[in-house]
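Enquirer: Provided below are the primary sequence and the corresponding predicted coordinates.
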Amino acid sequence: LNETLMWHIQSQVTELRKLVVINKEILIALRTNFDKPEMMKELFKRLQNVDSVLQRMTIIGVILCFRGLIQDALTELLEDRIPFLTSSIRDFHSHGSSPHESSLVAELACAAGYSSRVD
């Protein structure tokens, strides 16, 4: 489920990137003229697909919130059903040693509903 959600976020980010490329010159002009309100107003009117950007950002936020809720529910359920195993996972996750081992432990912790530094 986590990979599927991340794939959906990645596709939304790809579409956002396309929108930025379309509006690149206007965005650069907006950045350089941030202290000129009239110029900003005119440049903003020239932006294309502004609603699409807001919609895609909202979709990304909803997916991330859903993922957080799922992880919290999973953690709570596993801690209730198999507390010994989850406490071991939490200990491994807190005290990772080598980079290779810590990536494996982070993946295990993510599967158990714990967040990692990457999250």
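Expert: Perfect, I can see it now.
Enquirer: Could you measure from the spatially most central residue of the chain over to Gln55?
Expert: Note on the chain: the residue nearest the mean C-alpha position is Leu64, at 5.8 Å, using CA atoms, centre = their mean. Look at Leu64 and Gln55: by CB to CB, to the nearest Å, they are 15 Å apart. Quick note: C-beta positions are derived from backbone N, CA and C, even for glycine.
Enquirer: Can you find the helix or strand of the protein with the lowest average pLDDT?
Expert: helix 99-111 (a mean of 78; mean pLDDT, DSSP states H and E).
Enquirer: What is that one packed up against?
Expert: helix 83-94 (3 or more CB pairs under 8 Å, 6 or more residues apart in numbering; DSSP states H and E).
Enquirer: List of residues touching the helix it packs on?
Expert: Outside of helix 83-94, the residues that reach it under the criterion CB atoms under 8 Å, 6 or more residues apart in numbering are Thr75, Leu78, Glu79, Val105, Ala106, Leu108, Ala109, Ala112, Tyr114, Ser116.
Enquirer: Which residue of the protein lies farthest from its centroid?
Expert: Distance from the centre of the chain peaks at Glu38, with 34.3 Å (CA atoms, centre = their mean).
Enquirer: Need the phi and psi values for it.
Expert: With angles defined as degrees, to the nearest 10, Glu38 shows backbone torsions of phi -70, psi -40.
Enquirer: if we can go back for a sec, isn't the residue nearest to the centre of the chain right next to Gln12, touching?
Expert: No - applying CB atoms under 8 Å as the test, Leu64 and Gln12 come out as separate, 10.7 Å apart.
Enquirer: which ones are touching Leu47?
Expert: Applying CB under 8 Å, 6+ apart as the definition, the contact partners of Leu47 turn out to be Asn23, Ile26, Leu27.
Enquirer: Name the member of those with the most neighbours.
Expert: Greatest neighbour count in those, by other CB atoms under 10 Å, goes to Asn23: 19 neighbours.
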